[in-house]
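Chemist: I'd like to go over a predicted model; first the sequence, then the structure.
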Amino acid sequence: MLITGASGQLGAALTEAFPEARALTRADWDVSETPPPGLGTPALVLHTAAWTDVDGAEDDPQGAAAVNVGGTAHAAALGAPLVAFSTDYVFDGRKREPYVESDAPNPLSAYGRSKLHAEAAAGERAWVVRTSALFGWRSHNFVRTMLRLGAERDEVSVVADQRTSPTFVGHLAAELPQLLELPFGVYHVAADGDCTWAELAVAIFEEAGLSCRVREISSAEWGAPAERPAYSVLRSEKPGTPRLPHWRVGLRACLDRL
Ligand SMILES: NC(=O)c1ccc[n+]([C@@H]2O[C@H](COP(=O)([O-])OP(=O)(O)OC[C@H]3O[C@@H](n4cnc5c(N)ncnc54)[C@H](OP(=O)(O)O)[C@@H]3O)[C@@H](O)[C@H]2O)c1
């Protein structure tokens, strides 16, 4: 069994959940290149390596595609069943009720487009797991950024017009064995409940005992280069898809590790 992107936040959680797997970092295999010799044909590939810099992809869409689409094609070419992780950013956010697997994707950003093409590149022997707003104890994420800023400042400005389901990587990794019992296909696996980034920031400060205020701003005020969906809550319409705990339970579990 093989894990790509092992030093990322989801890769780190999967490496813990599947200690028998061979965990590869970018130094072991740059997935935009064909696999290095010696990987053989694993029994299963958990492919988490990805270009995750959503704003950076706007400046270099080809670079993002090389990692996300090319990397997924290379992972699929190993010939093993594949778990490919995808994103809520394949949707345009115009719905106001949770997105299910049969909803039509329409990505707003270069990152979202690269991940949608990556889903196709995963091939037919793949579980494509769409998840959202990941956070964990490793790598870059919103929770770790807020803990740092909350300790430095009295107030932070946070976007309040994007609603999603922040998902703890430990909960996602724990439910993966249940997913592997299901047929290949696309699955939505994200935390229960939903919130805006501003609401998440408030919860982080409450749980961490920080007295930092949250000033709610719009995406337009924030002015990020990449457009994000205003609403990207994911739910599964497929029987047997694992259900994850509420995002606030995930937040507490993550804070316990930090
Ligand atoms: N983060 C989110 O909010 C979110 C939401 C939905 C879906 N997802 C998807 O979930 C998966 C895991 O995301 P994550 O949050 O764990 O991301 P992450 O923490 O940014 O980790 C991504 C990992 O991929 C590695 N990587 C980047 N380019 C590579 C390359 N060319 N070759 C090999 N490795 C490379 C990175 O290595 P370095 O450490 O060397 O940079 C990093 O370890 C991705 O498919 C992502 O698209 C993420």
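Modeler: Arrived safely, thanks for sending.
Chemist: Tell me how many other residues crowd Lys115.
Modeler: By the criterion of other C-beta atoms under 10 Å, Lys115 has 31 neighbours. All C-beta atoms are positioned from the backbone trio N, CA, C, and that covers glycine.
Chemist: Show me what the strand or helix carrying it is packed up against.
Modeler: Here Lys115, judged by DSSP states H and E, is contained in helix 110-121. Contacts defined by 3 or more C-beta pairs under 8 Å, 6 or more residues apart in numbering; DSSP states H and E place helix 110-121 against helix 54-59, helix 61-65, helix 71-76, strand 82-87.
Chemist: Pick the most deeply packed of those.
Modeler: strand 82-87 (a mean of 25; mean count of other C-beta atoms under 10 Å).
Chemist: Please save the CA atoms from that strand in PDB.
Modeler: C-alpha atoms of strand 82-87 as PDB (Å, rounded to 0.1, in the frame of the first residue of the first chain):
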ATOM      1  CA  LEU A  82      -6.700   4.300  -6.200                       C
ATOM      2  CA  VAL A  83      -8.200   6.600  -3.700                       C
ATOM      3  CA  ALA A  84      -8.000  10.100  -5.200                       C
ATOM      4  CA  PHE A  85      -9.000  13.100  -3.000                       C
ATOM      5  CA  SER A  86     -11.000  15.900  -4.600                       C
ATOM      6  CA  THR A  87     -12.600  19.000  -3.400                       C
END
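Chemist: And that strand, what does it pack against?
Modeler: Using 3+ C-beta pairs under 8 Å, 6+ apart, strand 82-87 sits against strand 45-47, helix 71-76, helix 110-121, strand 126-131.
Chemist: which stretches of the chain form strands?
Modeler: In the chain, the strands defined using DSSP state E lie at 2-4, 22-24, 45-47, 82-87, 126-131, 134-135, 155-159, 163-164, 167-168, 185-188, 195-196, 213-217.
Chemist: Is there proximity between the fifth one and the ligand?
Modeler: Yes. Where contact is defined by C-beta under 6 Å from any ligand atom, part of strand 126-131 touches the ligand, namely Thr131.
Chemist: What angle do strand 82-87 and that strand make with each other?
Modeler: In terms of direction (axes from the mean of the first three to the mean of the last three C-alpha atoms, to 10 degrees), strand 126-131 departs from strand 82-87 by 30 degrees.
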